[in-house]
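Enquirer: No letters, just coordinates:
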Ligand code: GLU
Ligand code: MG
């Protein structure tokens with residue numbers, strides 16, 4: 001089960017942490033949380049306030065639950081508009097000294113009500129709940145989110161001239177990439193790979209798998225760190241699904257493996273490619289819910305400009321071993337413990353806690369119903385008459401989300417309604433925009 005601490009214990013831990021941070025020359029701590037539009041919002045406190053903040057939280061308006069990507073604010077049924085307040089409580093288990101922002105530390109925040117109870121709209125809590133539901137079944141999930149980004153010059157043009165995956169790009173940005181690597185590593189992140197990607201200016205970093213909530217925290221920390229290192233080099237960063245219209249975009253591929261008693265369930269089993277029955281049911285549950293899950297994992301209007309065939313974005317609702325056009329790509333890995341499934345259709349506009357919580361809930365439902373895993377797709381699905389495309393617009397994904405009793409129940413009414421309101425409002429916001437205008441409007445927002 002995931003750990004949460006009572007108030008007095010939080011205060012005691014913060015007192016110790018503040019003394020250690022002071023000794024390390026830290027002046028303040030940034031508390032980050034991600035809204036339903038997928039943007040990280042923050043508050044910060046000086047060290048002297050850390051203990052009080054950990055004990056009681058710091059104020060944050062509930063209307064952040066209905067913020068949109070352009071900072072306009074919509075409303076949800078049952079919402080309180082400009083009235084009321086919530087408390088942001090830093091998770092000191094994840095307190096991190098920011099290597100590329102000297103003098104600052106960071107902690108992800110959980111959101112509580114003024115009365116000290118968990119806020120039902122807290123996305124991080126939702127991911128914890130889903131993790132705990134699997135734990136009650138004796139199952140553990142290990143997850144990792146790949147981070148792809150486009151690095152641009154101050155004028156906004158892609159900052160590489162070299163070819164895709166090319167050494168030229170590495171030479172062009174040798175010092176920058178070294179600093180990215182050093183900063184991530186200094187923050188305790190286990191980097192697995194760093195490489196140039198396909199699109200102009202694009203790079204990717206992957207990190208080792210961990211628990212779902214931790215993996216979501218890590219994805220955010222990786223992104224903040226890359227942005228901070230970039231700023232120190234006079235560079236700009238975009239995690240938007242599409243940077244250049246028509247080109248391959250930025251994904252946020254989610255890797256998942258399911259474990260029971262320390263045994264990875266994606267290898268050594270009697271099923272296809274060694275899948276254990278529980279892993280098959282889990283993946284079948286994901287596939288069954290995938291159109292609705294896109295409202296959590298590919299939640300922006302721009303997501304659907306990326307999620308098209310022949311862009312390695314996984315725009316077909318199918319699975320296949322090492323199939324880069326399938327939404328669910330099975331990876332055997334070089335050792336049994338590394339076998340995992342990669343959900344390719346998600347991107348970095350997702351609130352990672354919502355995406356992970358939704359995926360775990362869908363997987364668990366697949367297990368409960370003993371969903372059979374459909375036949376494997378072993379070729380490019382674009383070549384098959386029978387292949388099923390995933391939703392091709394946010395509006396379509398929202399339709400599926402509205403019909404999903406599973407996600408409605410898993411999220412709970414308050415969070416579900418807020419997410420739905422934000423999705424509908426963003427679809428409306430960009431309804432009259434051309435694709436080029438959508439790309440332009442959100443390029444620097446994520
Ligand atoms: N950039 C591609 C995407 O939008 C993925 C490329 C790859 O890593 O396969 O998801
Ligand atoms: Mg990639």
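Expert: Looks like it came in fine. Just so you know, these numbers come straight off a predicted model, no measurement behind them. Numbers count the residues shown, from 1 in each chain. Ligands and ions are numbered 1, 2, ... in the order given.

Enquirer: what separates whichever residue of the stretch 1-150 of the chain sits closest to ligand 1 from residue 249, distance-wise?
Expert: The nearest approach of the stretch 1-150 of the chain to ligand 1 comes at residue 148, 5.2 Å away (Cβ to the nearest ligand atom). No exception for glycine: its C-beta is placed from N, CA and C like everyone else's. Per Cβ to Cβ, to the nearest Å, residue 148 is found 8 Å from residue 249.

Enquirer: more crowded one of those two?
Expert: Per other Cβ atoms under 10 Å, whichever of residue 148 and residue 249 has more neighbours is residue 249, with 30 against 23.

Enquirer: Ramachandran angles for the more buried one?
Expert: Backbone torsions for residue 249, taken as degrees, to the nearest 10, come to phi -100, psi -170.

Enquirer: Please list all residues in contact with the residue in the stretch 101-250 of the chain that ligand 1 sits nearest to.
Expert: Nearest residue of the stretch 101-250 of the chain to ligand 1: residue 249, at 4.4 Å (Cβ to the nearest ligand atom). Neighbour list for residue 249: 199, 240, 241, 242, 243, 305, 306, 311, 313, 347 [criterion: Cβ atoms under 8 Å, 6 or more residues apart in numbering].

Enquirer: can I assume the residue of the stretch 1-150 of the chain closest to ligand 1 is in contact with residue 250?
Expert: Yes: judged on Cβ atoms under 8 Å, residue 148 makes contact with residue 250 at a distance of 4.3 Å.

Enquirer: which neighbours do these two share?
Expert: What both residue 148 and residue 250 touch, as defined by Cβ under 8 Å, 6+ apart, is the set 202, 239, 348.

Enquirer: which SS state does the last one fall under?
Expert: Secondary structure of residue 348, reduced to three states by DSSP: H, G, I helix; E, B strand; the rest coil: coil.

Enquirer: Neighbours of it, how many?
Expert: 27.

Enquirer: per-residue confidence averaged over the longest strand along the chain?
Expert: Determined from DSSP state E, the single longest strand within the chain is strand 104-113. The average pLDDT for strand 104-113 rounds to 97.

Enquirer: Same check on stretch 319-333?
Expert: 94.

Enquirer: end to end, how far does it reach?
Expert: 16 Å (Cα to Cα, to the nearest Å).

Enquirer: what are the pairing partners of the helix or strand bottoming out on mean pLDDT in the chain, and which direction each?
Expert: The helix or strand of the chain with the poorest confidence is strand 263-264; it has a mean of 87 (mean pLDDT, DSSP states H and E). Partner strands for strand 263-264, per DSSP bridges, with pairing direction: strand 254-260 (antiparallel).

Enquirer: Pick out the residue nearest the middle of this structure.
Expert: The centre of the chain sits closest to residue 352, judged by Cα atoms, centre = their mean, with a distance of 2.5 Å.

Enquirer: give me every residue that touches that one.
Expert: Contacts of residue 352 (Cβ under 8 Å, 6+ apart): 34, 127, 145, 215, 216, 219, 220, 252.

Enquirer: Quick one: mean pLDDT for stretch 162-181?
Expert: Average pLDDT, stretch 162-181: 96.

Enquirer: buried sites along that stretch?
Expert: For stretch 162-181, burial by neighbour count (16 or more other Cβ atoms under 10 Å) applies to 169, 170, 173, 176, 177, 179, 180.

Enquirer: Thanks a lot, see you next time.
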